[in-house]
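Asks: Got a predicted structure here, sequence first:
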Amino acid sequence: MQFLRKQFPVMLAFVMGMAMFIREFVPSKFSEQLYYGFTDWAIVIVGFSAVFAILSLLHHHMNKVRRRVEGYGYSVITILAFIQMIILGLIFSVRPGTPAGWEYQWLFVPMQATMFATLAFFIASAAFRAFRARTWEALALLLAGLIVMIGRVPIGEFISPHLSTFSDWIMNNPSMAGFRGIILGVALAQIAISVRIIFGIERTYMGGGD
Amino acid sequence: MTHLGIILLQNNGLLPWQEAMGTFFTEGGMIVVGTWIAAGLTLFMFSFVYKDNPFFRFGEHLYLGISAGYLMSLYFFNNMKPKFFYPLMPFLDASGDSTLNLWVIIPGILGLFIIFRLIPGWGWLSRITFAFYIGGFTGISFPKVLNGLLLPQFYATMQSIPWQVNSLDSAVLLLNSLVLFVGALSVLVYFFFSMEHRGFIGGVSRVGIYTLMIAFGASFGYTIMARISLLIGRMQFLMFDWIGDEIVARIGSLFHGG
């Protein structure tokens, strides 16, 4: 049993990792089947993990209702909204012209768009605090942000016709250089972590469990 | 119950009663009802700008439930039906494209192992699933990151610099090439912590900090503009779809003395 709990998962990760790595360099029908077979299986596993996530969500909110904690009425709303949506969605599907499609169009989309739109206010207030040019670095951040913002609205064109060109230049050159450096770092780190996972050095992905 | 199960797993073609329902939900009264509900919920969500309040919390919890239910249903129809249920029960696929494939029982069992995390004493089984999934995708992503991300980025950064300047365009090209090369290299030096950032290395790393600050500032400005665009979209919905063009025009005429 101890073997199944500790060594077997590490061995399985090694075998799966090596198999998928080697198949990339062996172009054949079998290697293609292996790839598509694995990704299809992964889709099924993700489906079950989504069920797990939903059960956790319902468990959390049902506990709140059971204990009658403050604001438990909101948890009732979440539970009812989920149950009615999943029933309507599974029976009638979620395509346009169904009850679930209607709810998607008139409830889900407006609320999601408004939530992201609301962030405009909070980003603006955060900017007011963060963009105080106390150092030269903060000044660089402030100027780049301002030029990109003003260069993309009609008032920018009114101030100077070159502002939008300069805004595009910032996005395509110094900004791209910065993100290219970050992407290179991320790619190198991803390769390093892949090697660590395949060879069983990195095991935190397995989580706790008993 | 069996009948309901067959409806759920049937092929994606529309059933007669589904077609009749389609016109009900896409025409007339239901659009008016939908617009009023959407407008109300939009105002509920916007109310958070003032402060946290019961209207916002109602909307927030409703959104949580609706989105979880919607995404689960969507995943079921787009992925679980064709990849799990049809291979197990091909007779349910009216298109006749599916064939019996009992191998899908294995990912089904691995998926159940994740749900076992809810049962005390059985949680360790999920490690097998995680090892299978993470191990496989690590093997897939390793060469893909190398070929698709790392090498192309290096290649794009290490283009030969056009030193010959004989016009304004060629001068701009030289400037852009230098900014890209020096910027990316200096950012990498900044993130290289195995060397002390002093002297020449310290200077290059300082250029890296400035490049990063410009990149973050530009990205911040770009994000704000995207959010403002969403805000304008919601305002347009409230003003034109909900209140209506005519009333908005009349309110506007009050301010313009019309």
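Replies: Here it is on my side, so go on. Given the structure is predicted, the values throughout are model-derived calculations rather than measurements. Numbers count the residues shown, from 1 in each chain, chains lettered A, B, ... in the order given.

Asks: Can you report how many residues lie near residue 177?
Replies: Assuming you mean chain A. By the measure other C-beta atoms under 10 Å in any protein chain shown, the count of residues near residue A:177 is 26. The way it works is simple: take the backbone N, C-alpha and C, and place the C-beta from them, glycine included.

Asks: wait, chain B
Replies: Residue B:177 is flanked by 17 other residues according to other C-beta under 10 Å.

Asks: list the helices and strands the helix or strand containing residue B:45 packs on?
Replies: Secondary structure assigned from DSSP states H and E places residue B:45 in helix B:29-46. Using 3 or more C-beta pairs under 8 Å, 6 or more residues apart in numbering or on different chains; DSSP states H and E as the contact criterion, the secondary-structure elements in contact with helix B:29-46 are helix A:109-130, helix B:54-75.

Asks: just so I have it, where are all the helices in the stretch 101-250 of chain B?
Replies: B:105-115, B:126-145, B:151-157, B:168-190, B:199-236, B:245-256 (DSSP state H, counting those that start in this stretch).

Asks: Next one: the second one, is it in contact with chain A?
Replies: Spelled out, it's helix B:126-145. Yes - looking at helix B:126-145 against chain A by C-beta under 8 Å from any C-beta of the partner chain, the contacts come from B:126-145.

Asks: show me the contacts for residue B:106.
Replies: The contact partners of residue B:106, by C-beta atoms under 8 Å, 6 or more residues apart in numbering or on different chains, come to residue A:41.

Asks: ok, now residue B:156?
Replies: Residue B:156 makes contact with residue A:180 under the criterion C-beta under 8 Å, 6+ apart.

Asks: Now do the helices in chain A.
Replies: Across chain A, reading from the start of the chain, the helices by DSSP state H fall at A:2, A:8-23, A:29-67, A:72-92, A:99-103, A:109-130, A:136-150, A:154-159, A:163-172, A:174-198.

Asks: Could you export these to JSON lines, including columns for distance to chain B and mean pLDDT?
Replies: As requested, these are arranged in JSON lines below (distance: least, C-beta to the nearest C-beta, whole Å; pLDDT from 0 to 100):
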{"stretch": "helix A:2", "distance to chain B": "10", "mean pLDDT": "82"}
{"stretch": "helix A:8-23", "distance to chain B": "3", "mean pLDDT": "95"}
{"stretch": "helix A:29-67", "distance to chain B": "2", "mean pLDDT": "95"}
{"stretch": "helix A:72-92", "distance to chain B": "3", "mean pLDDT": "95"}
{"stretch": "helix A:99-103", "distance to chain B": "4", "mean pLDDT": "92"}
{"stretch": "helix A:109-130", "distance to chain B": "4", "mean pLDDT": "85"}
{"stretch": "helix A:136-150", "distance to chain B": "3", "mean pLDDT": "89"}
{"stretch": "helix A:154-159", "distance to chain B": "11", "mean pLDDT": "86"}
{"stretch": "helix A:163-172", "distance to chain B": "5", "mean pLDDT": "91"}
{"stretch": "helix A:174-198", "distance to chain B": "3", "mean pLDDT": "93"}
